[in-house]
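Asker: sequence first, then the predicted structure, then my questions.
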Amino acid sequence: MKLSTLVPNGSNCVRGMTLIEMLVAVGVGSLAVTVAMSLYLFGLRSVGAIGNYTEMDGRSQQAVDFMLREIRTADLVVDYKTDSSTTWLKVANTLGAAPVTNTFTWTAATGLLTWDKTDQATRTLLTGCENWSFVFYKRVADSNGVFYPTTDASACKLINMSWKCTRNNITRKMNTESIVTAEVVLRNKP
């Protein structure tokens, strides 16, 4: 069998790729790999953000549940402190047989919001908490049902709290914030 019968037009040469064809192929391949890696990293960040949101929302909801339950049953704001490094709120329920005191503390250095309850171990409610603030409102609302802010803890009937938690998404804080605001009325306060 002759080689000329295998190659069209009877030529005896076998063609390879030219340098330009090779450069075009490498360029297109590199572009395809770059696009694939970009899509992979975008997907990885998206899944990480969804996981962060889910965790932060769950922890924030749990913290709100604990805090509101304890503050609602309180009849007294014992003490509080607000400054840039540490914020805490101490409420008490003195109506039962044994008084129960709850202290909620946020520390800027650690980013932790903790809960201390009489005769119980300290519990961490939130991690990665960038700030926690609260405002007291007066016991008696005006004729329109509007409560007015006060700094007098003894006149406090309503507390408005808010906090912001963040998480790193892969390598940096990006699209991973959870901001929560809650209002609670001290139901047992006369």
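Answerer: Great, that's in hand. Note that the structure is predicted; figures quoted are calculated from it, not measured.
Asker: which strands and helices sit next to the host helix or strand of V35?
Answerer: Assigned by DSSP states H and E, V35 belongs to helix 19-73. Judged by 3 or more Cβ pairs under 8 Å, 6 or more residues apart in numbering; DSSP states H and E, helix 19-73 is in contact with strand 86-93, strand 100-107, strand 112-117, strand 123-126, strand 156-169, strand 172-185. In short, each C-beta sits where N, CA and C put it, glycine included.
Asker: what mean pLDDT does that helix get?
Answerer: Mean per-residue pLDDT for helix 19-73: 89.
Asker: use 51 as the first number from now on
Answerer: Renumbered: residue one is now 51, and that last one reads helix 69-123.
Asker: quick check: angle from it to strand 150-157?
Answerer: Here helix 69-123 runs at an angle of 150 degrees relative to strand 150-157 (axes from the mean of the first three to the mean of the last three Cα atoms, to 10 degrees).
Asker: right, and the helix or strand after helix 69-123?
Answerer: Using DSSP H and E, the helix or strand that follows helix 69-123 towards the C-terminus is strand 126-132.
Asker: distance-wise, check L175 relative to K214.
Answerer: 14 Å (Cβ to Cβ, to the nearest Å).
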